[in-house]
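S.K.: Let's see this in three dimensions:
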Amino acid sequence: FEGADLHSIKSFVLGAALGVLLLQRETLVLHGSGVVVDNQAWIITGDSGAGKSTLTTRILKDKAIFLADDTVAIETAEQIYAMPGYPQQKLCKDAAVELGYDINQLRKINEEREKYAVALTDNFYNDKIELGLVCELIVYDGEEVQIEEMQGHEKLQAFLHNIYMGVTLKYSGMSPEFFTKCLQVVQKVPWYRIKRPKSGNTTTEQLKLLTQALHTKLYKEG
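M.R.: Down below sits the predicted model:
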């Protein structure tokens, strides 16, 4: 349309449009952010407003490397790989301020939720990398951060719930091949669920619990 905003077009094409295209090509895509920690990818997923970008920001402050924002494509083979997105992160105002950005110098890309675009070309992992874990964020009414490792059918349900633009599968259907890919990821990749309080910044505690849970699992597996 005449006068259309270029940044809005980019956001739509690289987000919803690309997500649906990948699903049509039967590529798995999770709604979340990807970071590289100790040579493995972590995907932080969850519903909108769960705090994905805020936790991702906290992880990046610990010298992690940025991989993808909002949509993370997954390749299934003998190993499970997370694929790079593009070097831009969408941050809410609080996360941007916490990282030391001057929001007056950033481009606002979402008026309703006050999100800003931050270029991360200097800290971007531009290759596929083994997927080490998925962490799903959930907001709840409690006062403490809680973590649990998902197993079995509940883990599969969580994976299917967090597929990016997964609502379209209700209309297009899910092929046996696509479902098999989902099962491969669920069987091979640890999935943690973190419940966080509605108020307060608890990202430091979230990261601590996630790191401890992963180290404990690796220790038990030898």
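
S.K.: Report the buried residues of the longest helix belonging to the chain.
M.R.: Longest helix in the chain by number of residues (criterion: DSSP state H): helix 203-220. Of the residues in helix 203-220, Thr203, Glu205, Gln206, Leu207, Leu209, Leu210, Ala213, Leu214 count as buried by neighbour count, 16 or more other C-beta atoms under 10 Å. (C-beta placed from N, C-alpha, C; glycine too.)

S.K.: Show me what it is packed up against.
M.R.: Judged by 3 or more C-beta pairs under 8 Å, 6 or more residues apart in numbering; DSSP states H and E, the packing partners of helix 203-220 are helix 52-61, strand 129-140, strand 146-149, strand 191-197.

S.K.: of all the buried residues of helix 203-220, which comes closest to Asp69?
M.R.: Asp69 has its nearest neighbour among these in Thr203, at 16.5 Å by C-beta to C-beta.

S.K.: from what I can see the closest one touches Arg58, true?
M.R.: Yes: under the criterion of C-beta atoms under 8 Å, Thr203 makes contact with Arg58 at 3.8 Å.

S.K.: For the residue sitting nearest the centre point of the chain, give its distance to Lys217.
M.R.: Central residue of the chain (C-alpha atoms, centre = their mean): Gly32, 2.1 Å from the mean position. Relative to Lys217, Gly32 is positioned 20 Å away (C-beta to C-beta, to the nearest Å).

S.K.: average pLDDT across stretch 153-172?
M.R.: Averaged over stretch 153-172, pLDDT sits at 93.

S.K.: export stretch 101-115 as PDB, just CAs?
M.R.: The C-alpha trace of stretch 101-115 is given here as PDB (Å, rounded to 0.1, in the frame of the first residue of the first chain):
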ATOM      1  CA  TYR A 101      20.400   1.200  25.600                       C
ATOM      2  CA  ASP A 102      19.100   4.700  25.100                       C
ATOM      3  CA  ILE A 103      15.600   4.000  23.900                       C
ATOM      4  CA  ASN A 104      15.400   7.400  22.300                       C
ATOM      5  CA  GLN A 105      18.100   6.100  19.900                       C
ATOM      6  CA  LEU A 106      16.300   2.800  19.200                       C
ATOM      7  CA  ARG A 107      13.600   2.200  16.600                       C
ATOM      8  CA  LYS A 108      10.200   1.300  18.000                       C
ATOM      9  CA  ILE A 109       8.600  -1.500  16.100                       C
ATOM     10  CA  ASN A 110       5.600  -2.300  18.200                       C
ATOM     11  CA  GLU A 111       3.400   0.500  19.500                       C
ATOM     12  CA  GLU A 112       1.000  -1.700  21.500                       C
ATOM     13  CA  ARG A 113       3.700  -3.500  23.500                       C
ATOM     14  CA  GLU A 114       6.400  -0.900  23.300                       C
ATOM     15  CA  LYS A 115       9.100  -3.100  21.600                       C
END
